[in-house]
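In: Here's my sequence, what's the structure:
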Amino acid sequence: MHQMVNAGSVDSLVCSVWQKIAPPKVEFMVWLALLGKLNTKDRLMKKKMIPEELNHCTFCHNHIEDVDHILMSCSVSWSIWEVIAADMGVQIVTQDNIRDFYASWINRRFTNKTRRKLWLASFFSTLWSLWMQRNAILFKQQTMNVESLCHIIKWRVATWSKTWEEKIPYSADLLVQNFQSIPMLFN
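Out: Numbers count the residues shown, from 1 in each chain. Sure, this is the predicted structure:
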């Protein structure tokens with residue numbers, strides 16, 4: 001996965017986030033997640049910024065909150081990944097960590113270029129939405145609503161797709177309402 005460039009090392013998996021599929025701040029957040037640099041409770045505890053007893057998952061409260069757990073393997077997070085993937089016509093399997101999960105996500109092949117971009121955007125949107133929801137719970141005392149969060153993820157994918165070079169012949173509203181039809185619309 002690593003390739004040598006001059007005296008430094010470039011991680012091609014991490015560099016693959018810069019595709020202009022999502023807003024730059026979202027791609028940056030995904031980049032940080034893949035590098036393990038998001039300030040989860042586990043990371044903050046290791047920096048001695050919070051006590052160990054506060055290091056529990058914001059969603060399930062049953063596990064330490066590291067990047068792999070909060071964004072992928074938590075039962076709450078995983079249920080959201082499964083809904084989004086199923087609506088895109090794909091069955092997914094859990095991976096050991098977020099990097100492997102991202103690698104499996106981006107390596108999935110589609111014959112239709114637009115469907116592939118929608119698939120990639122769904123990864124960025126889901127990761128971003130999970131992180132934003134986690135922060136809203138922690139800092140704004142909001143509650144988790146899985147159905148609502150899935151809807152927000154679909155809206156983000158649809159609205160981001162409107163900025164791409166290739167034009168999608170459906171309005172964002174129509175795309176969200178028919179998200180589960182993406183496999184048929186872009187075959």
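
In: quick one: the helices in the protein?
Out: 12-15, 24-35, 41-46, 67-68, 75-87, 98-106, 113-140, 146-161, 172-177, 182-185 (DSSP state H).

In: Out of these, which gets nearest to residue 60?
Out: helix 75-87 (5.6 Å; CB to CB). Placement of C-beta: from N, CA and C, glycine included.

In: residues of the closest one that come out buried?
Out: Of all the residues in helix 75-87, those buried under the rule 16 or more other CB atoms under 10 Å are 76-77, 80-81, 83-85, 87.

In: what's the angle between that helix and helix 146-161?
Out: 50 degrees (axes from the mean of the first three to the mean of the last three CA atoms, to 10 degrees).

In: and helix 75-87, average pLDDT?
Out: Per-residue pLDDT values over helix 75-87 give a mean of 97.

In: tell me the angle of that helix relative to helix 98-106?
Out: Going by the same axes, to 10 degrees, helix 75-87 makes 10 degrees with helix 98-106.

In: Tell me the one among the buried residues of helix 75-87 nearest to residue 23.
Out: Of the buried residues of helix 75-87, the one sitting nearest to residue 23 (CB to CB) turns out to be residue 84, at 18.2 Å.

In: so can I have CSV of the helices of the chain showing distance to residue 59?
Out: Shown next, in CSV, are those (distance: least, CB to CB, whole Å):
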stretch, distance to residue 59
helix 12-15, 25
helix 24-35, 16
helix 41-46, 12
helix 67-68, 13
helix 75-87, 4
helix 98-106, 15
helix 113-140, 7
helix 146-161, 10
helix 172-177, 24
helix 182-185, 26
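
In: and among those helices, the most buried is which?
Out: helix 67-68 (a mean of 22; mean count of other CB atoms under 10 Å).

In: contacts for it?
Out: Residues from elsewhere that reach helix 67-68, judged by CB atoms under 8 Å, 6 or more residues apart in numbering: 33, 36, 38, 40, 42-43, 96-98.

In: Residue 81 contacts residue 74, correct?
Out: No. Applying CB atoms under 8 Å, one finds residue 81 not in contact with residue 74, separated by 10.0 Å.

In: and the end-to-end length of stretch 168-187?
Out: In stretch 168-187, first residue to last residue: 13 Å (CA to CA, to the nearest Å).

In: re the thing from before, could you dump the buried residues of helix 75-87 into a markdown table with distance to residue 69 added?
Out: Shown next, in a markdown table, are those (distance: CB to CB, whole Å):
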| residue | distance to residue 69 |
| --- | --- |
| 76 | 10 |
| 77 | 8 |
| 80 | 14 |
| 81 | 13 |
| 83 | 19 |
| 84 | 18 |
| 85 | 19 |
| 87 | 24 |
